[in-house]
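Enquirer: Curious how this folds, go ahead:
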Amino acid sequence: MYDFLSHSKAFIWLSLLFFTFAVKSFSQQNSKNGWVLPTEGTIRILMVFVEIDHDVDQSDDAFPKGHANWKVNQLPEYRDDLFNVFEGENSLKMLTKYYDECSFGRLTILGDYYPEIVTLKQSEVGNSKTKLLKAIEKRLNSSDTISSQNLNFSDFDFWQDEPKRGILKKHSDEFGGVDHLMIFLRNFSPIPRSNGQASGASGGLIGGYKTDTYSLFGGGDGLPFSILKHEFNHLLIGGNNLHSGGGNSARFKSYVQAVQGGWSMMGAANSSLLSASGWDRYWLGWSPKGSAFEINALNTERNGINGEVTQSEKSQTFILRDFVTTGDALRIKLPFIPDDEFQQWIWVENHTTELNNGSPTDRFIYEHYDCMPPANPGLYLTRQIDANSREGKKVYSSVYADYLKPIPATGAYDYVWDDEKLDLGACVNNKPHNVYTLLADHENPLTGHHELEEPFYYTNSDEKITRDNARSPGVRRNSDGSYFMHPKAGDPAFGMRESETERIGIGTNPATASTITHVNTRKGKSVYSENSDAIYLNGLSIRILKTFPDLSIKVEVSFDDSLVSEPRRWAGSEIVLNDHNPRGSDLFVSALLTLDRGRTITRFVAPDTVQGEVYFSSPTVLRIAEGAKMTIDDEAILKKDSKIIVEKGGELALKPGSKLRLEDTSEIIFKDGAIFSGKGKFKFRDSSVAIVSDESTRIKVKRRTCRIKRVRVMPSEAKL
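Expert: Residues are numbered from 1 along each chain as shown. As a prediction, the model looks like this:
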């Protein structure tokens, strides 16, 4: 007989189990759901424009006579330029267009404003944000008209307020509170011009219910676009630990030593490009509609293929169309980084720029100034550090600032600074700026500064580490004696393009090696176990093969690059050469390679003084790992305590006529089982030495074969 009851109970039990699992999965944190606000659907923002009557202290008023963009006792001139009010309108206002573009139409941000200026007395609100919000709450709740288009409070509520961050958002069935209250302040001193704040908490009782979120912006002199998008994007991307792309400051804990610029939805005043980055779209789940891949590219037949690239023995060829409008990009996983260290990727994006794609954000932030050149089309590269897990309990809390580190095509250097600032006249601002020069003998592609970051600089070992130690790259002196102002805000040479920088790889500047990581607040030691002082050479090469008439670019990616064909200077406490080239040497030096101590800060403690100079860095070590081979066909020089260490199973080869020159107290060390081959020469100077720890490694010195554990020759030469 069929036991219907027992099977029914089993079915009910399994159904309950599935329901419990489904609920848990449904409430799982995922960055694609949005931190506080949803990443898909429609949001309508309620805007309020506020001015302060400084009846107590007129000196607190930044705009006592108003501004052309916002006159006293009036609504600002830009009030109708921010958001579309309704869906389906033909032309998109600035911020509605921005989110439509970033999300490929997945997120629609609308907005309307309270139709009257809200004037509050200083004697009533003082400098208190709480009192300000209370006064606005009182004004809005006592008004019959809530918006310029006669919308009701419920027209600003599309979503339920969720206390848990990062879970899937639910639509509102009935009014339960305005989704977002956005307040613009003409002259409220605690929120000065171009400053802002956003909060995932309530901004007060509006229409009888608490608002879900709110933000405040100083907009007395114009639409505060950069800070507005930055702060609002926090509500999509995450909290204060997720600062990047020109929106970070030194006080936030960061993966790298210097505050990064670049481009990102989290960018602000220190950005270069204003567009979203590939990482932003990846984090928020914004792939093009209809795409089979989260990161999309084209093959040579222009069919869609996966833009996720991992190490392969064969080169791979892709076509990238305009990144902003199509989403095409490559994300290349850097090999050889140990699993217990922060993983890294390189993003490759083809930005054809506003002139060609019509995007008002695919341009440099200040190129509307006559003194600033516009962005040029090309491949713009950035490095992703960690920040890759999009689901789980720690999806937001485990990320630190500056998870995006740009890779401008102009390379990286130890900066050489002038002692005095230079005033070249007004350009973006009217301040004098620090002047620096990028010198060929100070290039440092592995640990140096690039021009899209804000470096720190110290003059002596007793100096305290403070914000004042930062020197913004305000003016670059070019080799011809001319000057380039505010390169951090964008240089047309930052993009890769044909006939300029067509390829980057192991022996170029910039290089494709991994970067060091140092989770820090720019002081003291870092105790994070995933940090690494090692730079892993990986053989990655990114090459432009062709630029098509539509500005799409054919790109070749390979992982067997080994050639140093131009003079290079390397610095880093541990540079690791891995076995990445199955067809020969992993590092082939056919031009002068110098290992030197870097002048760029790579640590914030224990400075050393070497030959009268203060270094916040360690001596350079190049480690040839097991299975890897380094061949010198020209010359390599070791300076300032630098070392080459050949590990067991690693090989150093010197071609006939080549030299390995050791200066100062440099060392060449052969570990047990290390391999040496070739007939080049060692040249020893000063206190440099060769250390041999295996009797099978033989060094010929002046026709005499030595099987000793330590060879020291000064100032003669040794032949291998």
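Enquirer: Next, the closest residue to Ser215 other than its chain neighbours: phi, psi?
Expert: Using Cβ to Cβ, 6 or more residues apart in numbering and skipping residues adjacent in sequence, the residue nearest Ser215 is Ala198, 4.0 Å away. The way it works is simple: take the backbone N, C-alpha and C, and place the C-beta from them, glycine included. Here is the backbone geometry of Ala198 (degrees, to the nearest 10): phi -140, psi 150.
Enquirer: Please apply the same query to Asn141.
Expert: Given degrees, to the nearest 10, the pair of backbone angles that Asn141 has is phi -70, psi -20.
Enquirer: Surely Glu101 and Val324 touch.
Expert: Yes - with contact defined as Cβ atoms under 8 Å, Glu101 reaches Val324; the gap is 6.6 Å.
Enquirer: And the residue nearest to Ser215, how close does it get to Asn430?
Expert: Ala198 is 30 Å from Asn430, where distance means Cβ to Cβ, to the nearest Å.
Enquirer: Of those two, give the one with the bigger neighbour count.
Expert: More crowded of Ala198 and Asn430, by other Cβ atoms under 10 Å: Ala198, with 20 against 9.
Enquirer: Contact partners for that one?
Expert: Shown in contact with Ala198 (Cβ atoms under 8 Å, 6 or more residues apart in numbering): Thr213, Tyr214, Ser215, Glu231, Phe232, His234, Leu235.
Enquirer: Return the distance of it relative to His54.
Expert: Counting by Cβ to Cβ, the separation of Ala198 from His54 is 26 Å.
Enquirer: Can you give me the domain boundaries for this structure?
Expert: Domain assignment for the chain by automatic domain parsing gives 31-236, 585-720.
Enquirer: pLDDT of the first one, averaged?
Expert: pLDDT averaged over domain 31-236 equals 96, rounded to a whole number.
Enquirer: And the spatially closest residue to Tyr403 that is not a sequence neighbour, how close does it get to Leu452?
Expert: Excluding its sequence neighbours, the residue lying closest to Tyr403 (Cβ to Cβ, 6+ apart) is Ala387, at 3.7 Å. Computed with Cβ to Cβ, the distance linking Ala387 and Leu452 is 18 Å.
Enquirer: more neighbours, the two?
Expert: Higher neighbour count among Ala387 and Leu452: Leu452, with 29 against 26, using other Cβ under 10 Å.
Enquirer: Give me the pLDDT for the more buried one.
Expert: Taking Leu452 on its own, its pLDDT is 96.
Enquirer: again with the one 5 residues further on
Expert: According to the prediction, Tyr457 has pLDDT 62.
Enquirer: next one: Gly474
Expert: Looking at Gly474, its pLDDT is 87.
Enquirer: and stretch 391-410, which residues are buried?
Expert: 395-396, 399-410 (16 or more other Cβ atoms under 10 Å).
Enquirer: any idea how far the closest residue to Leu662 other than its chain neighbours is from Ser658?
Expert: Spatially, and ignoring its direct neighbours in sequence, Leu662 is nearest to Ser688 (3.4 Å; Cβ to Cβ, 6+ apart). According to Cβ to Cβ, Ser688 stands 17 Å off from Ser658.
Enquirer: Same question for Ile109.
Expert: Ile109 is 62 Å from Ser658, by Cβ to Cβ.
Enquirer: Tell me, how many residues neighbour Pro288?
Expert: Burial of Pro288 is recorded as 18 neighbouring residues (other Cβ under 10 Å).
Enquirer: cool, and Ile632?
Expert: Considering only other Cβ under 10 Å, Ile632 is surrounded by 23 other residues.
Enquirer: quick one: it and Leu537, what's the gap?
Expert: Taking Cβ to Cβ, one finds Ile632 at 15 Å from Leu537.
Enquirer: swap in Phe158?
Expert: With Cβ to Cβ as the criterion, Phe158 and Leu537 are 51 Å apart.
Enquirer: the more surrounded of the two?
Expert: Leu537 (29 against 19).
Enquirer: That one and Ile506 touch, don't they?
Expert: Yes - contact between Leu537 and Ile506 holds when scored by Cβ under 8 Å: they sit 5.7 Å apart.
Enquirer: Mutual contacts of those two, please.
Expert: Residues touching both Leu537 and Ile506 (Cβ under 8 Å, 6+ apart): Ala513, Leu587.
Enquirer: List the contacts of the host helix or strand of Ala653.
Expert: Ala653 belongs to strand 651-654 when assigned by DSSP states H and E. For strand 651-654, contacts defined as Cβ under 8 Å, 6+ apart pick out 585, 624, 628-632, 644, 646, 660, 668, 670, 674-681, 720.
Enquirer: Give me the subset of those residues lying in strands.
Expert: Judged by DSSP state E, the contacts of strand 651-654 include 624, 629-632, 644, 646, 660, 668, 670, 675-678, 681 as members of strands.
Enquirer: Would you show me how to pick out the buried ones of these in PyMOL?
Expert: Entered in PyMOL, the line below selects the buried ones among the ones in strands among the contacts of strand 651-654, by 16+ other Cβ under 10 Å:
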select buried, resi 624+629+630+631+632+644+646+660+668+670+675+676+678+681
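Enquirer: List just the nearest of the ones in strands among the contacts of strand 651-654 to Ser618.
Expert: The nearest member of these to Ser618, counting by Cβ to Cβ, is Ile644 at 15.2 Å.
Enquirer: Would you mind telling me which of Glu101 and Val324 has the busier surroundings?
Expert: For Glu101 and Val324, the more surrounded residue by other Cβ under 10 Å is Val324, and the numbers stand at 24 against 20.
Enquirer: you'd agree the more buried one is in a helix?
Expert: Yes - assignment of Val324 by DSSP: H, G, I helix; E, B strand; the rest coil places it within a helix.
Enquirer: so who does it touch?
Expert: Counting by Cβ under 8 Å, 6+ apart, Val324 touches Glu101, Ser275, Ala276, His351, Thr352, Asn357, Ser359, Thr361, Asp362.
Enquirer: Likewise for His54?
Expert: His54 neighbours (Cβ under 8 Å, 6+ apart): Asp60, Asp61, Pro64, Gln122, Asn187.
Enquirer: buried subset of the residues you listed?
Expert: Counted by 16+ other Cβ under 10 Å, the contacts of His54 give Asp60, Asp61, Gln122, Asn187 as buried.
Enquirer: from those residues, which is closest to Pro619?
Expert: Using Cβ to Cβ, the buried ones among the contacts of His54 come closest to Pro619 at Asp60, 53.9 Å.
Enquirer: Surely that closest one touches Gln122?
Expert: Yes - using Cβ under 8 Å, Asp60 is in contact with Gln122, at 7.0 Å.
Enquirer: one step back: please report how far the residue nearest to Ser215 lies from Trp283.
Expert: Ala198 is 17 Å from Trp283, where distance means Cβ to Cβ.
Enquirer: I appreciate the help and will end here.
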